[in-house]
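Undergrad: Give me coordinates for this.
(chains A and B)
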There are 2 protein chains.
Amino acid sequence: MSLARTEVRGEGRGRVSAFARRLLREWRRRGWPARGEDVIVAVSGGADSTALLLALEELKRVGLLDTGLTVAHLNHGLRGEQGATDARWVSELARSLGSACIVGRASVAESARERRDNLEQSARRARYEFLAEAARGVSARAVLAAHTLDDQAETLLLRLLRGSGAEGLGAMAAERVLEEGDELLLLRRPLLSWARRADTEGYCRERGVEFRADAMNEDERFARARVRRRLVPLLETFNPRAVEALARAAALLREDSFALDVLAADLLEEARDEDEAKDARAAWPLRVEVLVAALPALRSRALRLWLARGRGDLRRLSRANMHGVERLLEGTRGGRVAELPGGSSVERRRGLLLFRRENG
Amino acid sequence: MSLARTEVRGEGRGRVSAFARRLLREWRRRGWPARGEDVIVAVSGGADSTALLLALEELKRVGLLDTGLTVAHLNHGLRGEQGATDARWVSELARSLGSACIVGRASVAESARERRDNLEQSARRARYEFLAEAARGVSARAVLAAHTLDDQAETLLLRLLRGSGAEGLGAMAAERVLEEGDELLLLRRPLLSWARRADTEGYCRERGVEFRADAMNEDERFARARVRRRLVPLLETFNPRAVEALARAAALLREDSFALDVLAADLLEEARDEDEAKDARAAWPLRVEVLVAALPALRSRALRLWLARGRGDLRRLSRANMHGVERLLEGTRGGRVAELPGGSSVERRRGLLLFRRENG
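TA: Take a look at the predicted model:
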């Protein structure tokens, strides 16, 4: 590590690197506040998060950003001594840049075993819990994560390989709430819509900072690493700008998905049987005739939304289950039932779809 | 070729192969007429189209389908003697099955040079023109093409590599009009939503028919062949059912895209300035306030639709052009103009977007 050089090579006030300028442009385009806000920067020590931190520091140094930065780093406990070394490296980097740093330690492998999650899911959950806690600890309004265009393209590909529709293929949002139920704490991804991995690596080199290899990114036990190392390079033989093309598709599909969700919620409202109480969160009876006349893309989303309200979530609900509910809309015959996992069910009766709880 | 064996191995009336049964199920599910209609079957001689023809013949033989079949085969003129051999093989197959056969001959390479098209586009155009002509010649209502789940997945991947949104990623329709302007002649794809290439090859072997290698499918000058031979096998190392997953995504996105197009047309109607004449095909003035309040996914589609009406088509219209038009909606200032290729333009004035023809 050569943080000393960072300071030596740092541009004087007014001269800002191209990378930091692009970051600032994105920051403004999103309407994120340039001063007076405290944020957490999630830093693994890989090129992406190191570049994000360095660029934020650069913008603060020249007065273009005036944000309280706290670095947060989680040691996932997956790589023994290496993980501890990374944690020390990130702390030292933060210190040299004058930022506070919070280091956490998780036992991802154990909690994966306990919860029967895969390692990726478990690492992700531990990371987000840690970041939320860190943010609340310093009263930060936002957590910044350094996902790039490459991550976005990889996410789209992973979802595509699972047969996702627009909702999944929209991949990551540039801004969303970090945890359901806390609307005041946001996750922001300032690199997502413009930075390639080569840009973050180049900027770290420009600043003379030797970022750490991100072990999760290299480990081919993880599907994401195989997508990165094998699939994306092949796609680039077809189109050198394949990553940009995929990220663009994700952005368009995210916009589509948002519109369809809004319109599906309208449809649900329209389909509500008027005799029912107006509890906006309940799975009220729905009029079959309204659903039958609706556009299929809206109908299927409205039914998912309705079932999520009735059941509390969509867990364990398969495509076959959804299909069973949609089939109730065919024909004119009532008295039919579609059973759902967990004991709840949907019945068609007298022109209505009725949601029945397990003990209903 | 061993067509003699076909007859020997053919099942007796009442015993129908699994492949033909699935074809019949799809046929009924789509509501396509089982009798009284003449159709063209496009047959290259490859496994897919040979299997389609053989299965149609099987269903006719046992009386489950009563459709006049005419085989159509185009020699694209790309492979010299081999092309002529294929054409003879298809004619002989059709004859042995008791079907009429129309063979056409194109000079795809020449017309590609003349029109500065790539070979794939040019071959495609020649093929569809030939099929439309063949259909009209025998008063057929539909042309059947043998695209499979594999073709659908490949189409999605090719579009994804170009950065398409939902419209492109929806890939191929199971039914559409063959040529714009002739609503009475349909292109149908009876294998698209269920058959894998392995199914068509297996069924040909079951029938003892040695289909031809489809040269276009093997020729790595064509991006589609590279997708098939390199990309799809890699995707299958992630998910053995990747082709099905991709085809499923295409189906969902096609449904989404349809819904969004319908709703965008509604938005265009709603945004129409009421003082204007009600010519449904014109690019009438649009009220900025309505567009600004609309969902982005609908607004961008409505503007594309509007520009297509104004200009006659969307040719040469880039993303930057679309962006320029959308930017007119920002802020409150009128008097701004977005120029479009070909000399037309859009002006914002007094709360309206106005389309101006080149000589307007």
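Undergrad: My read is that A:Gln121 contacts A:Ala112, right?
TA: Yes - with contact defined as C-beta atoms under 8 Å, A:Gln121 reaches A:Ala112; the gap is 7.5 Å. C-beta coordinates here come from the backbone N, C-alpha and C atoms, glycine included.
Undergrad: Mind listing the shared neighbours of those two?
TA: By C-beta atoms under 8 Å, 6 or more residues apart in numbering or on different chains, A:Gln121 and A:Ala112 have no common neighbours.
Undergrad: who's more crowded, the two?
TA: Neighbour totals were compared for A:Gln121 and A:Ala112, and A:Ala112 leads with 19 against 13 (other C-beta atoms under 10 Å in any protein chain shown).
Undergrad: And the strands in the stretch 151-300 of chain A, which stretches?
TA: For the stretch 151-300 of chain A, applying DSSP state E, counting those that start in this stretch gives strands covering A:175-177, A:186-188, A:286-287.
Undergrad: ok, residues contacting the last one?
TA: Defining contact as C-beta under 8 Å, 6+ apart, one finds that strand A:286-287 is touched by A:Leu268, A:Ala271, A:Arg272, A:Asp273, A:Trp306, A:Gly351, A:Leu352, A:Leu353.
Undergrad: Kindly report the same for the second one.
TA: Outside strand A:186-188, the residues within contact range by C-beta under 8 Å, 6+ apart are A:30, A:32, A:39, A:131, A:141-145, A:174-178.
Undergrad: in its sheet, what does that strand sit against?
TA: Applying DSSP bridges, strand A:186-188 is found paired with strand A:142-144 (parallel), strand A:175-177 (antiparallel).
Undergrad: Show me which residues of chain A are close to chain B?
TA: A:160-166, A:169, A:223, A:226-227, A:230-231, A:234-235, A:238-239, A:242, A:244-246, A:248-249, A:252-253, A:255-260, A:262-263, A:295-298, A:300 (C-beta under 8 Å from any C-beta of the partner chain).
Undergrad: Please list only the buried members of the contacts of strand A:186-188.
TA: For these, a burial check counting by 16 or more other C-beta atoms under 10 Å in any protein chain shown picks out A:Trp32, A:Val39, A:Leu131, A:Arg141, A:Ala142, A:Val143, A:Leu144, A:Ala145, A:Ala174, A:Leu178.
Undergrad: Make sure the second one is indeed in a helix.
TA: So the one you mean is A:Val39. No - read with DSSP: H, G, I helix; E, B strand; the rest coil, A:Val39 is strand and lies in no helix.
Undergrad: For the nearest residue to it once chain neighbours are set aside, which residues are in contact?
TA: Nearest non-adjacent residue to A:Val39, counting by C-beta to C-beta, 6 or more residues apart in numbering or on different chains: A:Ala142, 4.7 Å away. Applying C-beta under 8 Å, 6+ apart to A:Ala142 gives the contacts A:Trp32, A:Glu37, A:Val39, A:Ile40, A:Ala135, A:Leu185, A:Leu186, A:Leu187, A:Arg188.
Undergrad: Thought A:Arg141 was touching the second one, still the case?
TA: Yes - the criterion here is C-beta under 8 Å, and A:Glu37 meets it with A:Arg141 at 5.3 Å.
Undergrad: nearest to B:Glu26, of the contacts of strand A:186-188?
TA: A:Arg176 (40.3 Å; C-beta to C-beta).
Undergrad: residues touching that closest one, list them.
TA: Applying C-beta under 8 Å, 6+ apart, the residues near A:Arg176 are A:Leu186, A:Leu187.
Undergrad: Identify the bridge partners of it.
TA: Beta-bridge partners recorded for A:Arg176 (DSSP bridges): A:Leu187.
Undergrad: Please report the distance of it from B:Pro240.
TA: A:Arg176 is 33 Å from B:Pro240, where distance means C-beta to C-beta, to the nearest Å.
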